[in-house]
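> what follows is a predicted structure for the sequence shown.
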Amino acid sequence: MASSPSSDAIASEGRNPRYSVPESRDAVLYRRRLLDSLHDHVDNPLQIVSAPAGYGKTTLLADYARDAGLPVCWYSADELDVDPGSFMRHLFASVRSQFPEFVVLKPHGRAGGGRAD
């Protein structure tokens with residue numbers, strides 16, 4: 001069984017590629033209509049982008065992240081992140097990479113430093 005990195009190790013990974021918007025590639029289709037739709041609905045609490053593998057979801061969201069002019073918390077999940085605790089630790093580390101002051105409160109108001117125990 002793979003061990004889960006500590007919250008301190010994850011917190012120190014502010015430049016972890018899993019928490020960085022992917023670089024733009026040449027010869028990629030730029031989809032203005034879809035970008036405009038994301039911009040038009042930026043005030044919605046949740047937008048879902050769903051499509052089969054290879055349809056450009058990551059490219060679309062990376063283009064949006066660069067185009068939005070807003071801080072973006074990026075997290076590229078992988079097959080090891082099926083564990084909810086691991087997923088939440090990495091998600092919180094992604095947020096801390098943009099907002100270092102971000103703290104997760106554990107039950108009873110104790111600061112948890114981003115760990116989802």
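Alright, I've got the coordinates. The shown structure was predicted, so the numbers you read here are calculated from the model rather than taken from an experiment.
> so where is the protein shaky, pLDDT-wise?
Applying pLDDT under 70 to the chain flags residues 1-14, 27, 108-117.
> by contact count, what packs against the longest helix along the chain?
Scanning the chain for the helix with the most residues, using DSSP state H, yields helix 84-98. Here helix 84-98 touches helix 7-11, going by 3 or more CB pairs under 8 Å, 6 or more residues apart in numbering; DSSP states H and E. C-beta coordinates here come from the backbone N, C-alpha and C atoms, glycine included.
> before we move on, back to that, alpha carbons only: can I get the longest helix of the chain in CSV?
Presented in CSV, the C-alpha positions along helix 84-98 are these (Å, rounded to 0.1, in the frame of the first residue of the first chain):
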residue,chain,number,x,y,z
PRO,A,84,-11.0,10.7,0.2
GLY,A,85,-8.3,11.7,2.7
SER,A,86,-5.6,11.8,0.1
PHE,A,87,-7.9,13.7,-2.3
MET,A,88,-8.8,16.3,0.3
ARG,A,89,-5.1,16.8,1.4
HIS,A,90,-4.1,17.5,-2.2
LEU,A,91,-7.1,19.7,-2.8
PHE,A,92,-6.2,21.8,0.2
ALA,A,93,-2.6,21.9,-0.8
SER,A,94,-3.7,23.2,-4.2
VAL,A,95,-5.7,26.0,-2.5
ARG,A,96,-2.7,26.8,-0.2
SER,A,97,-0.4,27.1,-3.3
GLN,A,98,-2.5,30.2,-4.3
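> gap between stretch 15-28 and the chain center?
Mean-position distance between stretch 15-28 and its chain equals 12 Å (CA atoms, centre = their mean, to the nearest Å).
> count of neighbours near residue 97?
Residue 97 has 23 neighbours, counted by other CB atoms under 10 Å.
> does it touch residue 16 like I think?
Yes. Using CB atoms under 8 Å, residue 97 makes contact with residue 16 at a distance of 7.3 Å.
> gap between residue 84 and residue 38?
Going from residue 84 to residue 38 by CB to CB, to the nearest Å gives 27 Å.
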